[in-house]
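Task: produce atomic coordinates for the following.
(one chain, ligands or ions: 1)
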Amino acid sequence: MNEKEVLDALKKYREMDLKYEDGRILGSMCTKPHPISKKISEMFFETNLGDPGLFKGTKKLEDEVIQMMGNFLNNNNPFGYIISGGTEANITAMRTIKNISRKKGNKTTTVIIPETAHFSFEKAREMMDLQYIKPPLTDYYTMDVKYIKDYIEDNKNNKIDAIVGIAGCTELGTIDNIKAISKLAEENSIYLHVDAAFGGFVIPFLEDKYKLNNYNYEFDFSLNAVSSITIDPHKMGLAPIPAGGILFRDISFKKYLDVEAPYLTDIHQATLIGTRTGIGVASTWGVMKLLGEEGYKNIVSECMDKTYYLIKKAKEYGFKPVIDPVLNIVALEDENPSETCLKLREIGWYVSICKCVGALRIIVMPHIEKEHIDEFVEALASVKKN
Ligand SMILES: Cc1ncc(COP(=O)(O)O)c(C=O)c1O
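Numbering: from 1, shown residues only. Predicted structure coming up:
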């Protein structure tokens, strides 16, 4: 093939993909990346942070991005990486927890984790043979803190290694009471990991008027026991994929992740993935510098306004939200969400479903406009009629 033939052939494949701007992708936590990231991707497309001594400028950018993210997560001295996504970030956190536990001489690693946790934790459990304890959920779909307290007291001999809290759960956007959990973790010297893969670029920029009384929105390093946070620029941070983030409280956690990498410029490597692109790092840096706090606040407010608009419209057609929206995620009650989801797909609408409650799940990402919402609610009504 010559270059033109290659590009023409690829274009045909690309045309089979859905496009964010058509407003039909309603169940994804990713969105159209900020336009500046196209130029940045080109500039950094050959970089490899797996061998940071060869790409010193890109490595410096990664350190700066981690510091910038640390700043809005109330940590002046963070350590971390921009990696492939929330899955890798959560697995990295669990690897840290497991290695700390082994260093203490424990044979098993026991973690308290919510029912609502993302399935990446299941991959971590299976890979590292972790023991999970899943407390019941409250009426607000958050972990029952009283259960955790009692469990810790009743199991003094079976030490808990870690607790995972979620700040913006995948299905409903709910936020665990991380403040109360952090207090318990601190009193009992337990590691606390927070999965804010989605919420990390929403909650810090959420205006008070959108906050509900039933939730505590504190989730970051200002809470003493929080040792690590997953926060993904390629979700609400508007960076292109792959750009996930793992931040630790400080560099002292690195020793639990390092393996020897004798043939590289840096003879220790802490990340799960070896060869990794600097595109996510540079794009996150660029988008954050360009948007600034004000820019993210505007994006989050627009998404929240459209979230309320979707709920209003859905109610007009007789659909009921499972909960008031905590973040820009809407769950609409449905007796058979899988069937409704498939029927919607047949007519070109892509929503997803909740597993923890019978509902359709819609993420109101920046690419969703009010016209899309109007059309979607009508499509949903027509599907439910048939
Ligand atoms: C809360 C949460 N954690 C982790 C992940 C996994 O992120 P990724 O798909 O980037 O690996 C997701 C993805 O939706 C998520 O919602």
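
which residue does the stretch 251-386 of the chain bring closest to the ligand?
residue 363 (9.0 Å; C-beta to the nearest ligand atom). Bear in mind the C-beta positions are built from the backbone N, C-alpha and C, glycine included.

ok, that residue touching residue 30?
No: using C-beta atoms under 8 Å, residue 363 is not in contact with residue 30, being 9.1 Å away.

So which bits of the stretch 151-300 of the chain are right by the ligand?
The interface of the stretch 151-300 of the chain toward the ligand, taken as C-beta under 6 Å from any ligand atom, is made up of 166, 170, 195, 197-198, 232, 244.

picking that back up, between residue 363 and residue 30, which one's more packed in?
A direct count of neighbours by other C-beta atoms under 10 Å for residue 363 and residue 30 places residue 363 higher, at 25 against 19.

What's opposite the more buried one in the beta bridge?
Per DSSP bridges, the residues bridged to residue 363 are residue 329.

Need the pLDDT of it.
Note for residue 363: predicted pLDDT of 98.

Now the terminal residues of stretch 346-353, how far apart.
End-to-end distance of stretch 346-353: 16 Å, with C-alpha to C-alpha, to the nearest Å as the criterion.

scratch that, stretch 115-133 is what I was asking about
Start-to-end, stretch 115-133 (C-alpha to C-alpha) is 9 Å.

Determine whether any part of that stretch lies close to the ligand.
Yes: using C-beta under 6 Å from any ligand atom, stretch 115-133 comes into contact with the ligand via 118, 120.

so where do the helices sit in the stretch 251-386 of the chain?
Assigned by DSSP state H, counting those that start in this stretch, the stretch 251-386 of the chain shows helices spanning 279-316, 337-346, 370-385.

What average pLDDT does the shortest one get?
The predicted model assigns helix 337-346 a mean pLDDT of 97.

List the buried residues for it?
Applying a neighbour-count criterion of 16 or more other C-beta atoms under 10 Å, one finds 337, 340-341, 343-344 buried in helix 337-346.

name the helices or strands packed onto that helix?
Here helix 337-346 touches strand 352-354, strand 359-363, helix 370-385, going by 3 or more C-beta pairs under 8 Å, 6 or more residues apart in numbering; DSSP states H and E.

Then the longest one?
For helix 279-316, the helices and strands in contact under the criterion 3+ C-beta pairs under 8 Å, 6+ apart are helix 36-43, helix 56-72, strand 79-83, strand 329-333, helix 370-385.

among those, which is the most enclosed?
strand 79-83 (a mean of 27; mean count of other C-beta atoms under 10 Å).

List of residues touching that one?
62, 65-66, 69-70, 89, 92, 233, 242-251, 253-254, 270-273, 276, 280-281, 284 (C-beta atoms under 8 Å, 6 or more residues apart in numbering).

Out of those, which sit inside strands?
The members of the contacts of strand 79-83 that map onto strands under DSSP state E are 244-248.

correct me, but residue 360 touches residue 343?
No: between residue 360 and residue 343 no contact is recorded; they are 10.9 Å apart, counting by C-beta under 8 Å.

which one of the residues of the stretch 151-300 of the chain next to the ligand is nearest residue 84?
Of all these, residue 84 sits closest to residue 244, with 5.7 Å by C-beta to C-beta.

so who does the nearest residue in space to the closest one that is not next to it in sequence touch?
Once flanking residues are discounted, residue 244 sits nearest to residue 85: 3.7 Å by C-beta to C-beta, 6 or more residues apart in numbering. By C-beta under 8 Å, 6+ apart, the residues touching residue 85 are 197, 232, 234, 241-244.

Top of those residues by number of neighbours, please.
The residue in the contacts of residue 85 with the most neighbours, by other C-beta under 10 Å, is residue 232 (33 neighbours).

Could you tell me the per-residue confidence at residue 294?
At residue 294 the predicted local confidence, pLDDT, stands at 98.
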